[in-house]
Each structure stands twice: as C-alpha cells, then as structure tokens.
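Visitor: could you look at this predicted model? Sequence included:
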Amino acid sequence: MKRLGFFIVLALFFVPVHVRAQLHHDLKIALQPDQRRITVTDKITLPEAAVSDGAISFLLHEGLAPASPTRGIKIVRQEKPSKSMLGIDPEGSGVEVPIEEYRVTLPAGLREFVLNYQGEIDHPKEEGEEYGRSFSETPGALSSEGVFLASASLWYPWFNNDLVTFAVDVQSPTGWEVVSQGQRTKQQKGENKTEVRWESPEPQEEIYLVGGPATEYRRATGGVEALAFLRKPDPELAEKYLGVTGQYIEMYQKLIGPYPYKKFALVENYWETGYGMPSFTLLGSQVIRLPFILHSSYPHEILHNWWGNGVYVDFPSGNWSEGLTAYLADHLISEQRGGGAQARRASLQKYADYVAEGKDFPLTAFRARHSAATEAVGYGKTLMFFHMLRRQLGDDLFVKGLQKFYRDNRFKRAGFADLQKAFSAAAGKDLQPEFDPWVTRTGAPRIRVAEAKGQAEGKGFLLTITLEQTQADPAYRVRVPIAVTLEGQEAAYQEAVVMESKKQTFSMRLPAPPLRFDIDPEFDLFRRLDRNEIPPALSLAFGAEKGLMVLPSSEPKELLEGYRRLAESWRQTQSMEIEIKLDNEIATLPSDRAVWLFGWDNRFKMTMIGALADYHLEIGGVQPKEGSGVERTHLKVNNVEIQILNHSLVFTTRHPANPNRSLTWIAADRAAPLPGLARKLPHYGPYSYLAFEGDEPANVVKGQWPVIDSPMTGFLLNAKGERVRVDRGKLAPRPALAALPPVFSDARMMEDIRFLSAEGLQGRGFGTPGLDQAAEYLATKFREAGLQPGGDEKGSYFQAWKERGGDPEREAVLKNVIGLLPGRKPEWAGQSVVVGAHYDHLGQGWPDVRQENKGKVHPGADDNASGIAVLLELARTLAKEGAPERTVIFVAFSGEEAGRRGSKHFVGHSKSFPPEKMIGMLNLDTVGRLGQNKLIVFGTGSAEEWIHIFNGIGFVTGIPIQPAPKDLGGSDHVSFVEAGVPAIQLHSGANLDYHRPSDTADKIDREGLIKVASVLREATAYLTSRPGPLTSLLPRQRAGEVPSQAPGRRVTLGTLPDFGDQGEGVALEGVVAGSPADQAGLRKGDRIVRIGVTPINDLRAFSELLKTLNPGDRISILFIRDGREQTVEATVKER
C-alpha cells in the first residue's frame, strides 16, 4: 500500500479533534480532461464539535476560488497557510502542491453549507522516492489520459485529520470509467458523457478519484463485487484478476473477519504505479501483466483492506500495517507453498545485509519504506514479531487475536498498544512483556552455541547445550527452537527452550543417541544471523556502505564502455559510496568494501573462480578466440548448463579476505543487455547466481549457493567416538495459517481416478471391455463439462479405427475421445491448442509385463488415470469460464501403451484442426505421485518459448518445475513432435509402482494433482491467448506409419532414473529392491556414464542400449558417486 507524503505528514503532526460523528462531503464533479479542469460542488456537513467561535478553516489547491451560495456564509482567503492547519512549519510541510487556506464564518447553528469551485489540477510526474520501486509519482493529475486525485492533491476542502464520509457524483467523457472508494450506486452512459456515483458511508482517511478511458469487467464473489477496469479490452487478463480476487477475499474473511467494503476493483493506471486504496488498487499497465503479481503484490493489496484501509494506522505510534500485511500475504503465500522457513530466512538476511549500525530503529519509529534498511525493519522485523507471537500463542489464539483487533478497531486508527490489548484478551494474559522488547527496542539478539555435549544417562541419553546472546545490549527473552537428529530415527526430536539471560545452559533427555543438533532450524526468531547461516547474496553487495567496481581493461571498447555506464548508473542510484577503477589500475582487491568485477576477461577473474570453489560451478568448452588463446563457450551451475553466447551471468560470494564483505562478478558477451542489468539486479537481492538471456535481458536461471557450515548446527560423537556429518532429521510439518480456496477439486479428480483404476475395468487393456467402458465414461464427462463433440461423426465424441495387438494378438476397435472448447476469435479460426492424456493401460500386462506379474491386473492409477483426471478437471474449469480466444481440443488417447497408436492416428487424421495450425500440445502422463518432487516437463526443447513459459509458471504458482529440454520423453506428445508441432509432457517422476499391479489409487498425491492442474491451466491460458505460433525448433513433417506394436525392452536393470536431472549421464532416483542394480550396489544419487564401451550421455542413450540386451547378459557399468568414478558389473534379467 502506498501512502502519499502529504497524508503521512498530516497524520504525524496534526492532532485530530475527536468528535462523535464524521465530517461528510457530498461532491458533484464535472471533469474536463482536455482542459485539465475540474468543477466541483461540495455539500459539506460538519459534526457538532467541529466549529470553534463560529468559524472553521480549510485548505484547498491554489487557484480553485471557492465560493458559497449558502446564505450567511463568509469565506476569507488567508495570507498563507498557518502552522495550526499543517501542524508544522508550512515551509517544511511536505505538501507538494500550491495551497491556500480559507476561513469560513458560519451563522449560529448552521452545520451544513455548499462550496462551489473550479480550476486546473495537473502536476508533472516525477521519479518516486520509495526504495526499490521504479515508479513515477504525482500529487494530482487530470488530462485526456486519465485522472488521479488524492488528499495530496488538495482537490477537496481539507478541514482536519479526522475521518470523513462522502459521496461523489462524477461526470466524465464518454468511454471513461471513474472510480472512488465505497459502493457504486449509479452509473449512466450517454452519447456525450458518463455519470457515476460512489458512496462511502464507511469513515475514510481521504477521498480518491481515479480513472480514465477503460473497459469494465465484473464478477460477483459472495457478497463482494469484483471489478476490473482495463485501459484496453483484455477479457483473459480481467478473468484472472476477478478469479483470484474472490479466492483471496474468501480466505481472508475466514481468517480475519468480514471484508469491510462492497467491492474490490483492479484499476489500470495510465502510468506505472503500485497503489493500494480502500476497496481498490491502482496498478500500471506493465505491473498488472507481470505474471507473478497475481499471487504476490495483488493479494498484498487486497489484504490492506483489512490492515491499513480497514483498521487505520496511528502513525505517531508506529506503522504496524505493512509488517502485518507482509506476514499474512507475502509470508503466508510462501508458507502455503512450503517455503515459510526460506521466506523468514530471506527477511532476516535483508536485516543482516542492509541494517548496519546507525540504520536501525524501533518499530514505533517506522512510518513508511524509503530505503532497504527501513524496509528490513518496518516490514521484516514487524513480520518476524508477528511470527514469534504466533509461535508462542499457537495458531488458534493468534487468529482470535487478529479477529478481535479487527472487530474492535474497524474504521478507527490503531497502534501497537491496541494490538497488544487485543492479543492479550485472546490469550487471557498481559502480553506487554512479549510486545515491548520487540516494538520499542532498537536492535536484535545475536545467538551462538557456546558448548554442546551428548552422553549416555541411565537407559537414555542427555544432550547439554549452552547458548549465548552476544549482542552488547541486554538479553532478550526468546523461545529458541532446537531440533536434534537421533541415531536410528527418521524424525528429529524438537523442543523450544526459553532463554532469558545472556548465557544459559539447557539439558534434554533423549530416547536415542544424539548425532546432530540445529538451533532455530526454521528461522522462527528475529535475530541477527551469523554470515555462515545464510548464502552469499546480492543483498550483501548492494547493502554495503562502500563498493569498488573493477572494469576489464582488455575488453573491446564498446563492451568496456557498457560496463562503465552500468557502474556509473549505480553510483548515481545506489546508497553505497562507489569507486570505479580499471583492473590494471589496482594490484589487489581491497577487503574493506564490496567488490564488483566486470567482464569475462577481468584480470581478477581467477580470484573469483577460486572464491567459488566450494560451489557447483564449472566453466568449460573452448573455442578459438580472435587474436590469441581460447574462450569458454558454456558453464554449469548446479548441473544446469548455460551458454555464454547471448547470456549475461552474475555470481556473488563472500570476499576471500573478509566474510563480511562480498565479491561479485558480472559478465556479458556484449554491451546491449547491460542497461537492463543495471535496472534489474537491485531487485534480485536474495540470489547468489543469475543468468539472463538476450538484450532485454530475460532471467532464465536464478538460485542460492548452499549453506555449507552453519554455526547453528553441531555434530556429536557417535557410539564409536566418531563425529559424522549426518543429514538433519525430518522436522514436523506445519500447516499454513490459512489456505487459499482451490480452483480445482481434488475430490473430483480422485473420483475419476478411482473409477478408471477400479477392478471392474481390469486395467483398461488393449481391445478389452474395460477400455470401452472407460471411453464411454470419458465421453459422458466431456458432455457434462460442456465440451462440444469432436469425433468422426456429428454429435459423437469418438474417433474410432481398427488396430491389431494384445496377447493373444487380435483386431480391436480403438477410440480416441475428443471434446472441443471452441475459440471466439474469428481470425484464429482453425487454430488450436491440444491438451491430451492417454486413458489405456496394460490390462493384465501386455505389452510391458514383468515376468512375476503376468496375468495380474495392472490398475494404472498413476499411469495414466491421473493424467486423465487432471485433463477432465481443466476441461470443467475452462468450460465454466467461457470461450477462450483460441480453440482448445481435449483428447483422451487410446493405444499409448501399444506404441502411441491413438495420438498417431489423431495427428494423421485430424481434418478440422490440422497439425500445421496447432499452436502447441500439452500432454499429461503419469502425474499422480508428485509429492515434494519438481514437476518435470519433457520436450521443452521443441520450441524456444517453452522453457520461459514454464519458468514463468513456476514463479507465478510457486510450484517447483524442472524443464527437460534435452529429453523428449516417450509419450503421446512425441507423435505431435514428429508432425512438427511443439509439444511437451508433464510428469511427476519415477516410482517403483510404474507398470506394476501396485499402481493403485490409494497412492495418489491429491495435493499434487491440484499443483499439476494449476501448471496446466497457466500453460493452456498462455497458448490460447498467444498472438502467434511458438518458435518451433522442429522440422515440419507428417507422422509416419504406425507400427504393429511398440518396440520394447526385453530386460530390466532395476534403476529409477531422475527424470528432472539435466546433467550428462543418467542420475538415479533409486533402485528396485532385489534388482540387478540393487545387487550390484548401485544406489540413489549415482550417475551412470558408460555401460560397456558405450557412453551414456542421457536417458535416451540408456534406454536404447538396454533394448539391445538379452536376459542374462552381463554388463560393466561405469558410474560416478561423490565425485569419483567407480565400476560394477550386473546381470540384466527378463522384464
């Protein structure tokens, strides 16, 4: 939420007159944008106690010349605004517009009068001062582009800082939409003008008027109207916002209490802004089209209607609203996605990196964000304070406290004292000791492990840990979480101890030998972190007070000047004191400041490479370089390969000579992307490494280095007297404080899966009655969803043909089931997006049965009832939303297990929607066992855009996604690829039940189905609205002849590949117990690189080699484990 400076100044310094009723404005407004003029009639009703000595004063924008037709009213303009009106010296008031003060004399007993005024209000936009937000600001503007008026504009008479109620009648040009707070009670659109009335009986801090040329979209969400006002028609974008508006309002109503207004509106502004007002938000055109805004800034602004715009901030006592909103929006969304601990660590890291001595302050002194330090305290410390309060009280009492605070202070100003009162009432005890240290004190505790020892005691074990608070200030009272990893136990022992002194010893009696302990493992405490607890990140570099930027003297002139301009721009815009030098002007790198190295040929690059030695960075591949020597062509970061050509790379780590300072390397192959890097990098503070592509440049890789040796982790002696570094035991799961109502129904998807994998369908084998029964079920579901039939005959969902197959071989009729969701854009007629999944399985094993499972029913719940279930759920959802821009074809394929028979037939016989007009194909195969895995996307190498699409979807949804550009996979999407259609497959990863009778519905991950459906929906929405085709990397060709049956492997090794791994060779996710791989000693984490004399570069090479083997063949396997090559032998057996 953005507050304009004038309002905050008045809120801080003007002492309000507390009265029993609010001042009321009833405004009739005519906007003349082409003349930049506004004409206003304001009927003002004063509360009883507002008039002193028969007179009252107000402020108004200069030049509006107010007059009153009310009998007996006398208005006198004052020489200049008085200190009593502004609360401070007018010369330093922070008011950004020319103002005039008027004194109104009223006849005795008169409390209602009318003011008429008119004039120009239009102030130029200037670069805003708010840290990290590259937005322009204006106190007020009115032009043909739009209108923006707020309290800072002084466009209506400002009497004092009390809350007001109001109604506005606005007349604007035809085609305009004008929005204010409250409820719309009238709207008339004529040939020459538009009229609208907004009424706000809810007391407000100020009155807004915003709008301009726009198209309106609306949707009822319970008792609240969701609105979107977009400057150009864009129903898809509007639908996204209207949908999530309802979701978030429903979630917050359950968590906090009733939404305080009748509407929430998204208003697209005519310049880039990020404002949150009561009952609406004003966002710029670029902002609203950023994919991540829907689940980051947008819910943040919705929540501000409870905190800040529902319960108002008592600014003199400290701004609690931003931190509480950040906790219940930004942090809660991270928590819902399983990233709560990471979000808290990031918040604590900002405090450690940006808040140096002299930059800290108590929460009572926070007003608004204007620097990295003020954000780290005002947002971050406040967020952590509420988290600690929640951890102490428990979720139930914490929620009760939130709800009581909201009930007691709705449409009132409140401060930390009111929060303390509400939470104390909910907890049934005085919480002042929990509030005061964190709200009124400056600083944070520093905690270190002074000593730790584990020993046997009787029948159990004793762990003794001494903790110390090392800050100079007095001790804080903190509840310190401790997790202990025990020998032979998967779950960690967890306990929270209360620390009240600077040094304190704690003892824990344990049921098994302790091997490891972790102090505050989930970052639940607000404290100053030790540098070794957190990964090196750009925030440390940008948070430094001094910096040296070292330019590469040997780079070509154009590139060198590009680096120099980047450095100069940061010298102008960043708070650090920056010195710029060429690399041949210095002998060594200083250790007392942040150091930035620019360029691949920087003389100090080997220092940087040495500083990164502990991390997974490989620079490899060589080619001749003009002049002399060679240059590198690519590098790998955490096994992700990045080409140097057309990419810009950023790495940061700790300075080798001073771990409290940073060493950062920025390198590009040309100058064009450098201005973009200058703008973007300050916004990537949490990251250790980044890769950008192109001249824009677009981020394609980002990540953090691992924490290698945290001082808050200790390893203890085991029974043999050895100190072994073991993994931390599993921590107890924590539910999120609230859950977003899902768009998709896991119950419906599970119902589909249970039906398709039921015993009665006998595994949906080739040419069986169970397969036919499944086809009829799917046709019924397509009809119920509202899809149009897309089969061979009119009114039919079936595309039928004959095939031979099965065991024994026979002729059978196979059926693809096809449903259509026609597009609405006539210029895209004939174009389509295909969403597919196969519904057949192995029946009793054919054609991929293992010897021990012959004759047994293979239910195929994961493979592929899960894919069909997600497809059906997407069809239901999209059909309810209306016609997409481009046609979507939903296809349930038959015959996939027999060699992609159904998808090949569809591609070869699709007359109405030929492959050359297919924008792309999305295939679902085996998506039901996601768990904590990344969702794998096979085939992203089939078009340039795929990897960017899915990186973006991962960012928007928070769902971890692993694109696999080198691996095409082997499912139905391959048939489309063979026809030249860019196509991908979503896949949840390998498991031991694949193609076995144990693939049953009870093992399906319900939450994972929703995640897959969410990713699929985003991808489908992108393809249906994309203006042109994807940039295919495939040759255009028709699918070949269908083989009589799929070629398959005759042997098994018993390995489970890690399909998401993109390194060379085949990384193992695990091995089947008792299999040849297991007997040979292979295990999870091994990487097979050669079998016999054949190099194994990827999964396809691995699969092709296994097809050449016969049962009983003995093979030699070269693999890598812990960085070392090893060789084992194995005897493959019959599948």
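Guide: Happy to help now that I have it. Residues are numbered from 1 along each chain as shown.
Visitor: name the residues of stretch 758-765 that come out as buried.
Guide: 758, 761-765 (16 or more other Cβ atoms under 10 Å). The way it works is simple: take the backbone N, C-alpha and C, and place the C-beta from them, glycine included.
Visitor: check which residues of stretch 664-675 are buried.
Guide: Applying 16+ other Cβ under 10 Å to stretch 664-675 flags 664-669, 671-675 as buried.
Visitor: widest-spaced pair of those residues?
Guide: Greatest spacing in those, by Cβ to Cβ: 664 and 672 (20.8 Å).
Visitor: would you reformat the buried residues of stretch 758-765 as a markdown table and include pLDDT and secondary structure?
Guide: Shown next, in a markdown table, are those (pLDDT from 0 to 100; DSSP: H, G, I helix; E, B strand; the rest coil):
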| residue | pLDDT | secondary structure |
| --- | --- | --- |
| 758 | 97 | coil |
| 761 | 97 | helix |
| 762 | 96 | coil |
| 763 | 96 | coil |
| 764 | 97 | coil |
| 765 | 96 | coil |
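Visitor: which stretches in the stretch 651-800 of the chain count as helices?
Guide: 674-680, 746-756, 769-785 (DSSP state H, counting those that start in this stretch).
Visitor: residue 723 is nearest to which of those helices?
Guide: It's helix 674-680; of these, that one is closest to residue 723 (Cβ to Cβ) at 44.0 Å.
Visitor: check which helices and strands that closest one sits against.
Guide: Where contact means 3 or more Cβ pairs under 8 Å, 6 or more residues apart in numbering; DSSP states H and E, helix 674-680 is packed against helix 557-573, strand 647-655, strand 658-668, strand 689-693.
Visitor: dump those to TSV, plus mean pLDDT and distance to residue 279.
Guide: What follows is the helices and strands packed on helix 674-680, written out as TSV (pLDDT from 0 to 100; distance: least, Cβ to Cβ, whole Å):
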stretch	mean pLDDT	distance to residue 279
helix 557-573	96	35
strand 647-655	95	41
strand 658-668	95	44
strand 689-693	94	38
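Visitor: distance to residue 534 for those - can I get that in JSON lines?
Guide: Converted to JSON lines, the helices and strands packed on helix 674-680 look like this (distance: least, Cβ to Cβ, whole Å):
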{"stretch": "helix 557-573", "distance to residue 534": "23"}
{"stretch": "strand 647-655", "distance to residue 534": "10"}
{"stretch": "strand 658-668", "distance to residue 534": "11"}
{"stretch": "strand 689-693", "distance to residue 534": "15"}
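Visitor: residue 448: which of these is closest?
Guide: Here strand 658-668 is closest among the helices and strands packed on helix 674-680 (Cβ to Cβ), at 15.2 Å.
Visitor: touching the closest one from outside, list them.
Guide: Strand 658-668 is contacted from outside by 531-532, 536, 538, 540-541, 544, 559, 562-563, 566, 589, 591-600, 602, 605, 607-608, 611, 647-656, 674, 677, 681, using Cβ atoms under 8 Å, 6 or more residues apart in numbering.
Visitor: I'd like to check the angle between that strand and helix 557-573, please.
Guide: In terms of direction (axes from the mean of the first three to the mean of the last three Cα atoms, to 10 degrees), strand 658-668 departs from helix 557-573 by 130 degrees.
Visitor: any weak-confidence spans in the protein?
Guide: Applying pLDDT under 70 to the chain picks out residues 1-21, 82-95, 127-135, 620-633, 1035-1049.
Visitor: quickly list the domain ranges of it.
Guide: According to automatic domain parsing, the chain comprises the domains 1-123+151-200, 312-440, 447-534+711-715, 540-622+634-703, 796-1025, 1051-1134.
Visitor: most tightly surrounded among these?
Guide: Counting by mean count of other Cβ atoms under 10 Å, domain 796-1025 has the highest mean neighbour count of the domains of the chain, with a mean of 22.
Visitor: how far does that one sit from its chain's centre?
Guide: 26 Å (Cα atoms, centre = their mean, to the nearest Å).
Visitor: between the two ends of it, what distance do you get?
Guide: Start-to-end span of domain 796-1025 (Cα to Cα, to the nearest Å) is 28 Å.
Visitor: can you give me the strands in the stretch 1-150 of the chain?
Guide: 23-32, 37-45, 55-61, 74-77, 99-105, 112-120, 126-127, 136-137, 140-143, 146-149 (DSSP state E, counting those that start in this stretch).
Visitor: want to throw these into a markdown table with distance to residue 497?
Guide: Listed next are the strands of the stretch 1-150 of the chain as a markdown table, based on distance: least, Cβ to Cβ, whole Å:
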| stretch | distance to residue 497 |
| --- | --- |
| strand 23-32 | 54 |
| strand 37-45 | 59 |
| strand 55-61 | 56 |
| strand 74-77 | 67 |
| strand 99-105 | 58 |
| strand 112-120 | 64 |
| strand 126-127 | 49 |
| strand 136-137 | 48 |
| strand 140-143 | 56 |
| strand 146-149 | 53 |
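Visitor: just so I know, which of the ones you listed lies nearest residue 311?
Guide: Among the strands of the stretch 1-150 of the chain, the nearest to residue 311 by Cβ to Cβ is strand 23-32 (20.2 Å).
Visitor: what lies in contact with that closest one?
Guide: 37-47, 50, 142, 147, 156-157, 159, 162, 164-173, 176, 178, 207, 209.
Visitor: for it, which strands pair with it and how are they oriented?
Guide: Taking DSSP bridges as the criterion, strand 23-32 forms sheet pairs with strand 37-45 (antiparallel), strand 164-172 (parallel).
Visitor: quick revisit: ok, which pair from the buried residues of stretch 758-765 is furthest apart?
Guide: Of all pairs drawn from those, the greatest distance, 13.9 Å, lies between 758 and 765 (Cβ to Cβ).
Visitor: what's the nearest residue to residue 1115 if we skip its chain neighbours?
Guide: Nearest in space to residue 1115, with sequence neighbours left out and distances taken as Cβ to Cβ, 6 or more residues apart in numbering, is residue 1091 at 5.4 Å.
Visitor: wait, that neighbour sits on residue 1119?
Guide: No: Residue 1091 lies out of contact with residue 1119 (Cβ atoms under 8 Å); the separation is 9.5 Å.
Visitor: re the thing from before, pipe the helices of the stretch 651-800 of the chain into CSV and attach distance to residue 504 per row.
Guide: CSV is the format used below for those (distance: least, Cβ to Cβ, whole Å):
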stretch, distance to residue 504
helix 674-680, 45
helix 746-756, 46
helix 769-785, 62
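Visitor: indicate which one of these is closest to residue 112.
Guide: Between residue 112 and the helices of the stretch 651-800 of the chain, the tightest spacing by Cβ to Cβ is seen for helix 674-680, at 52.6 Å.
Visitor: just the CA coordinates for the closest one, please, in CSV.
Guide: Extracted in CSV, the C-alpha atoms of helix 674-680 (Å, rounded to 0.1, in the frame of the first residue of the first chain):
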residue,chain,number,x,y,z
LEU,A,674,23.9,-4.1,-19.6
PRO,A,675,21.4,-1.2,-19.2
GLY,A,676,18.7,-3.9,-18.4
LEU,A,677,21.0,-5.5,-15.8
ALA,A,678,21.6,-2.1,-14.2
ARG,A,679,17.8,-1.8,-13.7
LYS,A,680,17.1,-5.3,-12.7
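Visitor: who's in contact with that helix?
Guide: Contacts of helix 674-680 (Cβ under 8 Å, 6+ apart): 134, 562-563, 565-566, 569-570, 648, 650, 666, 668, 692, 695-697, 699.
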